[in-house]
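A.B. asks: Pasting the sequence and the predicted coordinates here, then a few questions.
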Amino acid sequence: MQALIAKFKEAGQGQVFQFFDQLDDSGQERLLAQAASIDLDELSGLVQEHVFSESHCALDLEGLEPAPYIALPSNEASATEWERAFQTGAEAIRAGRVAAFTVAGGQGTRLGYDGPKGTYPVTPLSKKSLFQVFAEKILRSGERFGVTLPWFILTSEINHAATIAAFEENAYFGLPPESVHFIVQGLVPAVDLEGKILLSRQDSIAMTPDGHGGALRALVRSGAVDTMKANGVDIVSYFQVDNPIVQCVDPAFIGFHVLGQSELSSKMVPKAYALEKVGHFCTQDGVTKVIEYSDMPTAMQEETTLDGELRFKAGSVAIHVFDRDFIARVGGDGLDLKLPFHRANKKIPCVDAAGAQVNPEQPNGVKFEMFVFDALPLAANPVIIEAVRGDDFSPVKNAAGLDSPQTCKEDQLRMFAHWLKAAGVEIDTDDSGLPGITFEISPRFAADEKDFVARWSALSTKPEISDGTTIE
Ligand code: UTP
């Protein structure tokens, strides 16, 4: 114990123990356990690089080009290519090579919902939670291809117990419990603007999850990568917990990944407008990378080609397919292949030097996070494919406005309506494709449009679609 405290003092972080003598036994134990989990060398490097220097500011834009991508099928040749990818992906799924992977370790502060974000009720009619929607899609995809798909879910210590409780209370939403694997991501201490570790309480360090990029090292450290290897899984379908319309396991996407011998594949959607707040897929000196909207000059984001299209139009929607051995390399302890940390200034509730609780109104500290797309430049043969936004991307980020429960509900309704139209059913919609009625297609019935059209066509009696209908 004394050795640990001395190490913190030596590192200039002695304030962590400033209330130690006044704590009861359990408080002291808690603080010591947290302190022991901190990698002080890593933290001191982060503070040097991100708090005391401005090195992260200048982004080199020299030679930056839009990254090439595989466009949606627009003619017979490309339709054949997509069909081949679908068959290749389907074969990989059937062979048991594919696992689904959801990152759900974030704090979801913008939504302001009390509980793990995956338990947020999201479907228009039956109010299924995000976790239930994914579970049912995974169940349906397994059924479609005759396998039990393993599902890995990233949590953080902050929401781990509540996440498991939600699955247990709901009998794993029909999935075999042994096919669901929870893994806990790492936490990093938050520091103040002088690089000093903050206390959230007198007996507790302000720890925050290490970002979605932390998923890769968590997969390695938890042994999940070994479990995958032991079970013949080498393709990992990655998506975020806040996006209920994502195709959790997309055969064509997986097929392009396999055919391209890619270590990391990504979906892009054309930006809805020039300054949309998404990352941009780019290449630079032959390396593929995502440049955040905040790092790209406005003029570049608005640049158009001769035919009037946005030049940098490929927006990242955080949907990827990873090669398992690539995760093992990037998430492992090798020094050369580490994801960088980024700095975010945040309002971090903490105790002040006198021990009083402070709820700051302005950012008072720094949080360190890794981003999963930083793995892209490290990957061999990265593949990027175009996705239909309405079939893959409508996240719930904010309580109201853009990317909120309301916009997501409407996007789900648009998606259901256009699946019905694709199956030849007439349904009234406005110009944006939004139907005037509220209904639902259960993910247990179909996981995507192609699946829906096939199953709908096979129904001998088709249900009437009206307000309140659920197709299941
Ligand atoms: P966001 O960037 O939206 O962050 O995460 P967030 O923490 O969920 O929400 P805010 O910013 O506090 O409102 C995108 C995805 O990455 C996961 C989230 O759970 C979400 O699925 N994530 C984020 C993690 O798994 N771990 C993290 O440390 C951060």
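C.D. replies: Nice, I can see it.

A.B. asks: Get me the contact residues on the stretch 201-350 of the chain for the ligand.
C.D. replies: Proximity of the stretch 201-350 of the chain to the ligand, by Cβ under 6 Å from any ligand atom, involves residues 209, 210, 211, 212, 214, 240, 241, 242. To be clear about C-beta, it is placed using only N, CA and C from the backbone, and glycine gets the same treatment.

A.B. asks: what about the closest residue to the ligand within the stretch 1-150 of the chain, distance to residue 118?
C.D. replies: Nearest to the ligand, among the residues of the stretch 1-150 of the chain, is residue 106, at 2.4 Å (Cβ to the nearest ligand atom). As judged by Cβ to Cβ, to the nearest Å, residue 106 and residue 118 stand 10 Å apart.

A.B. asks: what sits in contact with each of these two?
C.D. replies: residue 241 (Cβ atoms under 8 Å, 6 or more residues apart in numbering).

A.B. asks: Surely residue 258 and residue 89 touch.
C.D. replies: Yes: using Cβ atoms under 8 Å, residue 258 is in contact with residue 89, at 6.8 Å.

A.B. asks: quick revisit: sort out for me which of the residues of the stretch 201-350 of the chain next to the ligand are in strands.
C.D. replies: 209, 240 (DSSP state E).

A.B. asks: Dump the residues of the stretch 201-350 of the chain next to the ligand to a markdown table, plus neighbour count.
C.D. replies: Shown next, in a markdown table, are these (neighbours: other Cβ atoms under 10 Å):
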| residue | neighbour count |
| --- | --- |
| 209 | 26 |
| 210 | 23 |
| 211 | 24 |
| 212 | 22 |
| 214 | 27 |
| 240 | 21 |
| 241 | 27 |
| 242 | 25 |
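
A.B. asks: which of the residues of the stretch 201-350 of the chain next to the ligand lies closest to residue 74?
C.D. replies: The nearest member of those to residue 74, counting by Cβ to Cβ, is residue 240 at 28.4 Å.

A.B. asks: Now for that closest one: which residues touch it?
C.D. replies: 102, 103, 104, 212, 246, 318, 319, 395.

A.B. asks: okay if I get those as TSV plus pLDDT?
C.D. replies: Formatted as TSV, the contacts of residue 240 follow (pLDDT from 0 to 100):
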residue	pLDDT
102	98
103	98
104	98
212	96
246	98
318	97
319	98
395	97
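
A.B. asks: Taking the residues you listed, please make a PyMOL selection of just the buried ones.
C.D. replies: Entered in PyMOL, the line below selects the buried ones among the contacts of residue 240, by 16 or more other Cβ atoms under 10 Å:
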select buried, resi 102+103+104+212+246+318+319+395
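
A.B. asks: quick one on the thing from earlier: widest-spaced pair of the residues of the stretch 201-350 of the chain next to the ligand?
C.D. replies: Maximum pairwise distance among those (Cβ to Cβ): 18.2 Å, between 210 and 242.

A.B. asks: quick revisit: make TSV from the residues of the stretch 201-350 of the chain next to the ligand and add distance to residue 162 to it.
C.D. replies: Below are these laid out as TSV (distance: Cβ to Cβ, whole Å):
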residue	distance to residue 162
209	14
210	19
211	20
212	19
214	19
240	18
241	13
242	16
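
A.B. asks: closest to residue 38 among the residues of the stretch 201-350 of the chain next to the ligand?
C.D. replies: residue 210 (11.7 Å).

A.B. asks: OK, contacts around that closest one?
C.D. replies: 185, 186, 187, 188, 217, 341, 368, 369, 370.

A.B. asks: hang on, the earlier thing: for the residue of the stretch 1-150 of the chain closest to the ligand, list the residues it contacts.
C.D. replies: Residue 106 touches 117, 156, 209, 212, 241, counting by Cβ under 8 Å, 6+ apart.

A.B. asks: Identify the residues contacting stretch 440-460?
C.D. replies: Counting by Cβ under 8 Å, 6+ apart, 86, 123-126, 133, 136-137, 139-141, 144, 174, 247-250, 391, 412, 416, 418-420, 422-423, 425, 462, 469-472 sit against stretch 440-460.

A.B. asks: make it 6 Å
C.D. replies: Around stretch 440-460, the neighbours that count as contacts under Cβ atoms under 6 Å, 6 or more residues apart in numbering are 123-125, 133, 136-137, 140-141, 247, 416, 419, 422-423, 470-472.

A.B. asks: Kindly report the same for stretch 171-189.
C.D. replies: With Cβ under 6 Å, 6+ apart as the test, stretch 171-189 has contacts from 38, 105, 132, 135, 139, 148, 150-157, 160, 164, 197, 205, 207, 209-210, 214, 218, 222, 224, 368.
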